[in-house]
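Q: fold the following for me, if possible:
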Amino acid sequence: MKTKLLVLVLMVAGLFSKAQTWTSYDQTNGLANNNVQAIVIDAFGNKWFGTYGGGISKFDGTNWTNYTFNDGLVNDYVRALKIDASGNIWVGTDGGVSKFNGVTWINYTTFEGLSNNLVYAIEIDVNGNKWFATNMGVSKFDGTNWTSFTTATGLTNNIVTSVVIDQANNFWFGTWGGGVSKFDGVNWTNYSQANYVHVIKPDANGNIWFGTATGLKKYDGAVWTNYTTTNGLAANNVFAITIDQANNKWFGTNAAGISKYNGSAFINYNTSNGLIGDQVNTSVTDSNGNLWIGTMDGISVYTSAVTELVENKVSKTFSLFPNPSSDIIHIKINADLQNLRYTITDQMGNLMLIGDLDETITTLDIKDLPAGIYVFQIAGRAGQHYKILKN
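A: Got it, this is the predicted structure:
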């Protein structure tokens, strides 16, 4: 899949905010169903919304296109969406999994090898394998073969509600009633500090965040830290986690809107501020830094514009070239940045590449990334996020 942009500049977003704006969408605008459970953004900037009861809605910024069981979707009760390197949309539902290439639907259920038809979450690893968190363990699909993981193989609980991959390529599985399992491809490690898990999100600093039914948990690899309403969180039942381009964490709650955490304090937003509904199910950020929030009552888009948007094709500390690129990116750094870690994430905050800056010029191979816009950051340089175009 290729995407073309007429103009591309390498930008750094300043940390100076001005007026925030809210825009909302619901069934009156064309959304298939107001209960939005999942959101993904494709390489062309189209937003895809998985609804619970109405199938999928695609929004190109002007027009809405809806897909349901009658079009080929395996089930209209959608819980999870993921886009693979070829641009296919993978859909997790209450009735199995669908793969959609824009024209054709392919459906997978227990008959094909899925461990259970109730699919809560989807992850895709660096080899293109699809991982499905289900109501009866985890299923891995390599395009041909299915492999299942349950308590019999090391998983702490078979009701798996979330799955993510961290910077070290570990898989984290959140369960409903059994804690958390970490899988490095061979060994399993189980944790009881986070239980009844709705969502998991790793950040660029190596922390793992867990949204649970009893509050927010952060694990730095050694210490667990808990956050609840006593710390300023809007509510203790956390359904959604998103990390924006300024490294703010956004936590969607089940009854009190969404909380923004800047590392020291929480700021809460709800229907009184402009949010369409206080029960938040999911959220993502787009390439412009807008936050798309899926609720029980529709979609809200939160825009916090910046007063400074500086073009920095060559910064004082490092530069990236060529940009755009189809295969190779070079990073030139100052000596004081050596031995620091870099990350490249997609528009939804998913970690795509990670590594260390060991030389003055580091070369990155990006040919296996799908076409689109990515964000490059060096650890410890909060607020400096450089956009990369892969064509």
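Q: any idea which element residue 117 lies in?
A: Counting by DSSP states H and E, no helix or strand carries residue 117.
Q: surely it is in contact with residue 110?
A: Yes. When contacts are counted by C-beta atoms under 8 Å, residue 117 is listed as touching residue 110 (5.8 Å). C-betas here are computed from N, CA, C, even on glycine.
Q: point out where the stretch 251-391 of the chain drops to low pLDDT.
A: 305-317, 335-339, 347-349, 379-385 (pLDDT under 70).
Q: so which residues of it form strands?
A: In the stretch 251-391 of the chain, the segments counted as strands under DSSP state E, counting those that start in this stretch are 258-261, 266-269, 280-285, 291-295, 298-306, 309-311, 318-321, 328-333, 340-345, 351-357, 361-365, 372-378, 386-390.
Q: which one of the ones you listed lies nearest to residue 247?
A: Between residue 247 and the strands of the stretch 251-391 of the chain, the shortest gap by C-beta to C-beta is with strand 372-378, which sits at 8.3 Å.
Q: strand 361-365 and that closest one, what's the angle between them?
A: Orientation note: strand 372-378 sits at an angle of 150 degrees relative to strand 361-365 (axes from the mean of the first three to the mean of the last three C-alpha atoms, to 10 degrees).
Q: quick revisit: for residue 117 and residue 110, indicate the residue with more neighbours.
A: residue 117 (20 against 14; other C-beta atoms under 10 Å).
Q: please report phi then psi for the more buried one.
A: Backbone torsions of residue 117, given as degrees, to the nearest 10, read phi -80, psi -10.
Q: over to residue 167?
A: phi -60, psi -30.
Q: correct me if wrong: it contacts residue 208.
A: No. The pair residue 167 / residue 208 is not scored as a contact, 9.7 Å apart, by C-beta under 8 Å.
Q: between those two, which contacts overlap?
A: The contact sets of residue 167 and residue 208 overlap at residue 202 (C-beta atoms under 8 Å, 6 or more residues apart in numbering).
Q: residue contacts, the closest residue to residue 55 other than its chain neighbours?
A: What sits nearest to residue 55 in space, not counting adjacent residues and going by C-beta to C-beta, 6 or more residues apart in numbering, is residue 68, at 3.6 Å. Each residue near residue 68 by C-beta under 8 Å, 6+ apart is listed here: 32, 54-56, 76.
Q: which of these has the most neighbours?
A: residue 56 (26 neighbours).
Q: helix, strand, or coil at that one?
A: With DSSP: H, G, I helix; E, B strand; the rest coil as the basis, residue 56 sits in strand.
Q: wait, it sits on residue 67?
A: Yes. Contact criterion C-beta under 8 Å: residue 56 and residue 67 qualify, at 4.6 Å.
Q: quick check: neighbours shared by the two?
A: Listed contacts common to residue 56 and residue 67 are residue 73; contacts here mean C-beta under 8 Å, 6+ apart.
Q: now the common contact residues for residue 117 and residue 110.
A: Contact criterion C-beta under 8 Å, 6+ apart; residues shared by residue 117 and residue 110: residue 96.
Q: please report phi then psi for residue 232.
A: phi 120, psi -10.
Q: next, count neighbours for the residue nearest to it when sequence neighbours are not counted.
A: Excluding its sequence neighbours, the residue lying closest to residue 232 (C-beta to C-beta, 6+ apart) is residue 266, at 3.4 Å. Residue 266: 17 surrounding residues under other C-beta under 10 Å.
Q: again, but for residue 363
A: 9.
Q: would you confirm that it contacts residue 328?
A: Yes. At 6.1 Å, residue 363 and residue 328 qualify as touching, with contact defined as C-beta under 8 Å.
Q: alpha carbons only: can I get stretch 66-80 in PDB?
A: Output of stretch 66-80 as PDB, limited to C-alpha atoms (Å, rounded to 0.1, in the frame of the first residue of the first chain):
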ATOM      1  CA  ASN A  66     -20.700   1.100   7.000                       C
ATOM      2  CA  TYR A  67     -20.000  -2.700   6.900                       C
ATOM      3  CA  THR A  68     -22.100  -5.300   8.600                       C
ATOM      4  CA  PHE A  69     -22.900  -9.000   8.600                       C
ATOM      5  CA  ASN A  70     -24.800  -8.600   5.400                       C
ATOM      6  CA  ASP A  71     -21.600  -7.300   3.700                       C
ATOM      7  CA  GLY A  72     -19.500 -10.200   4.900                       C
ATOM      8  CA  LEU A  73     -18.500  -9.300   8.400                       C
ATOM      9  CA  VAL A  74     -18.600 -12.400  10.600                       C
ATOM     10  CA  ASN A  75     -20.500 -10.600  13.400                       C
ATOM     11  CA  ASP A  76     -21.900  -7.100  14.000                       C
ATOM     12  CA  TYR A  77     -20.700  -7.000  17.700                       C
ATOM     13  CA  VAL A  78     -17.100  -5.700  17.200                       C
ATOM     14  CA  ARG A  79     -14.700  -5.500  20.100                       C
ATOM     15  CA  ALA A  80     -11.200  -5.100  18.400                       C
END
